[in-house]
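# Build the 3D model from these lines:
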Amino acid sequence: MSEAEESSPSSRLRVSLRPVSLAVLVGLVALSVAGLLATRGVVSDQETKLLKQRTEEAGLTLSSALGAVQTQLSSLGAVYAASGNSAAGFQGSAGLLTTTPGGFSSIAIVKPGASPTIVIQVGKPLTAIPGEATTAIATATAKAGLAGTIAATPLFDGSGGARRLGWAYAGPTLKGNVVYAESEIQPQTASPATSSQPFSELVAAVYAVPRVEADQLITATGSAKDLPLKGKIATTRTPVGQGPPWLLVAKARRPLVGSVADVTPWAILAAGLLTALLACGIVETMARRREYAMALVRQRTNELERSMADLADAHEQLVRKERLAAIGELASTIGHELRNPLGVLSNAVYLLRGDLGGAPNDAAKRHLATAEREVSAATVIVSDLLEFARQRDPVLGDVDLAALINEVASVLPPPTGVELTADVKSSVSVRADRDQLRQLLLNLVGNAYQSMPEGGKVTVGAMSGGGVVRMWVTDTGEGIPADTRKRLFEPFFTTKARGVGLGLAVCSRVVEAHHGEITVDSTVGEGSTFRVTLPVVATPRQPADDEVRSEVTT
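Model prediction:
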């Protein structure tokens, strides 16, 4: 990824939620769930209260129905007594009750005892006597007693698989007799009575005992597979004469609090979750916009800082160029003024060597060599000053690099203790400015000499291939530290006690003028290698076996 892509605001945006957005989402979801639980608790309590209320109302309805049974049986007893124990009067009234839908299946006047005797019978025949019917009648009449209340027998199987419920009423006007009635019941079929309020809102089951017993089921308004009723239920007990109370178990068919109240908790949860998502989206959007804005500010700030740094660099370069221009003018003037005296000194040394004859003494030889070397060094400095000041474009021509290297070796011979070797492949030439390349090699070879005060070896080489020409100058000198290598090609930068620091700057300018490249590899204590790469070789490269190696020594 590039630096621009890394610094762009969009690259730092992430798909995951920010902590503040996640906190808002979790908090609102938690509040929504708490609201659901609290509302459901309230609705559940209200539902429980309404179910209890409806069950008690159903119990009152059941108690009223049982009271009607007592009224009917007591009325039959009064009719029987008023008619002087006449069978005709009793049968007329009892016949109406046995033919009414939902009425009794059998009604009789029974003389109680261990073996009850049927005095009068109306409707379907009672269950065969003796047997279960005898026991049922005896049980019912014994429960009724003489208190004028009714009693119900436990359920039992009658003929044909029908289930029957026996009723008995004993009153003071019956003179010891009992009005006994039987009702056929079908526990798995809802009776018309259970279709009215409050049973229309309930699934109910009535048991002839005060507990849930399957064989004591009297009626149920639901399916047999739903019995016994489970879940949220309510119960109530209804007294039946002298016998044990009946149990009514009820469950709501649908929410008694209403559909709106039933769905309110879930509506609160849905609204809370929607609010949480909206709030999270808003907070996340604001957070991302803020993050984007901050990233954009940072990016613009970085760009501004870079612009200010570039402006400062440009200003510094402008000031440096102005200084260099001034120094260049001065260098040009000084160079022109020094060139003539140096030429006079060079001629004087030459003439002096001739005046000394063919065998000067050692001291004279040493002094002459010193004078020649110093004049050559001064000449190189003046050439650097003039070359740096002129900044002329190269005048291109075919340059034979082997001949040029030999010329440099003759112009700038190695000092004592230094060996100069040329490694040039035959017919290596380049299209370049010969004078500029000569100045380039003079500077590089001179620097190589100065890097080896204790002596060493300098190798100057050149070769062509791949559309370029490569030249190199290698020495076995002291090497160049890394921090110094960064500034080698800056004008007037030097680490030497002598020199103006223009040699490598001129080299860099010459290479750039020829659209080439100059690099340096160096290891402290082992030496350095300067490599120059120039484009376009004028003549084709010769085979490798035609290499010509020439060695120039002092």
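# what's the model's confidence in stretch 29-46, averaged?
When the per-residue pLDDT values of stretch 29-46 are averaged, the result is 87.
# Pull the residues that contact that stretch.
Residues lying outside stretch 29-46 but in contact with it, judged by C-beta atoms under 8 Å, 6 or more residues apart in numbering, are 257, 261-262, 264-266, 268-269, 271-273, 275-276. Quick note: C-beta positions are derived from backbone N, CA and C, even for glycine.
# cool, stretch 76-92 as well?
Where contact means C-beta under 8 Å, 6+ apart, the residues beyond stretch 76-92 that reach it are 93-94, 97, 107, 109, 120, 122, 169, 171, 173-175, 177, 179.
# If we use 7 Å, what do you get?
93-94, 107, 109, 120, 122, 169, 171, 173-174, 179 (C-beta atoms under 7 Å, 6 or more residues apart in numbering).
# so which of those is the most crowded?
residue 179 (29 neighbours; other C-beta atoms under 10 Å).
# Wasn't that one part of a strand?
Yes. With DSSP: H, G, I helix; E, B strand; the rest coil as the criterion, residue 179 is located in a strand.
# partner residues bridging it?
Under DSSP bridges, the beta-bridge partners of residue 179 are residue 109, residue 169.
# show me what contacts it?
For residue 179, the set of contacting residues under the criterion of C-beta under 7 Å, 6+ apart consists of 73, 76-77, 109, 169.
# Outline the domain layout of the protein.
In terms of domains, the chain is parsed into 33-252, 394-552 (source: automatic domain parsing).
# Quick one: distance of the longest one to the chain centre.
What that stands for is domain 33-252. Averaging C-alpha positions (C-alpha atoms, centre = their mean, to the nearest Å) puts domain 33-252 69 Å from its chain's average.
# what's the first-to-last distance across that domain?
Across its full length, domain 33-252 reaches 26 Å end to end, with C-alpha to C-alpha, to the nearest Å as the criterion.
# wait, which of the contacts of stretch 76-92 is closest to residue 341?
residue 169 (161.1 Å; C-beta to C-beta).
# Flag every buried residue along the helix or strand where residue 89 lies.
The secondary structure element spanning residue 89 is helix 87-99 (assigned by DSSP states H and E). Burial within helix 87-99, assessed by neighbour count using 16 or more other C-beta atoms under 10 Å, is assigned to 89-91, 93-94, 97-98.
# which residues in the stretch 1-150 of the chain form helices?
All helices of the stretch 1-150 of the chain, identified by DSSP state H, counting those that start in this stretch, fall at 3-7, 9-12, 19-82, 87-99, 132-144.
# can you redo the ones you listed as TSV with distance to residue 436?
Rendered in TSV, the data for the helices of the stretch 1-150 of the chain read as follows (distance: least, C-beta to C-beta, whole Å):
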stretch	distance to residue 436
helix 3-7	37
helix 9-12	48
helix 19-82	66
helix 87-99	141
helix 132-144	139
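# Nearest approach to residue 531 belongs to which of those?
helix 3-7 (29.6 Å).
# any idea how far residue 296 is from residue 311?
Applying C-beta to C-beta, to the nearest Å, one obtains 22 Å for the distance of residue 311 from residue 296.
# Quick check on these two: which one has the bigger neighbour count.
Counted by other C-beta under 10 Å, residue 311 and residue 296 do not tie: residue 296 has more neighbours, with 13 against 10.
# Which element, helix or strand, includes the more buried one?
Taking DSSP H and E as the criterion, residue 296 maps to helix 259-355.
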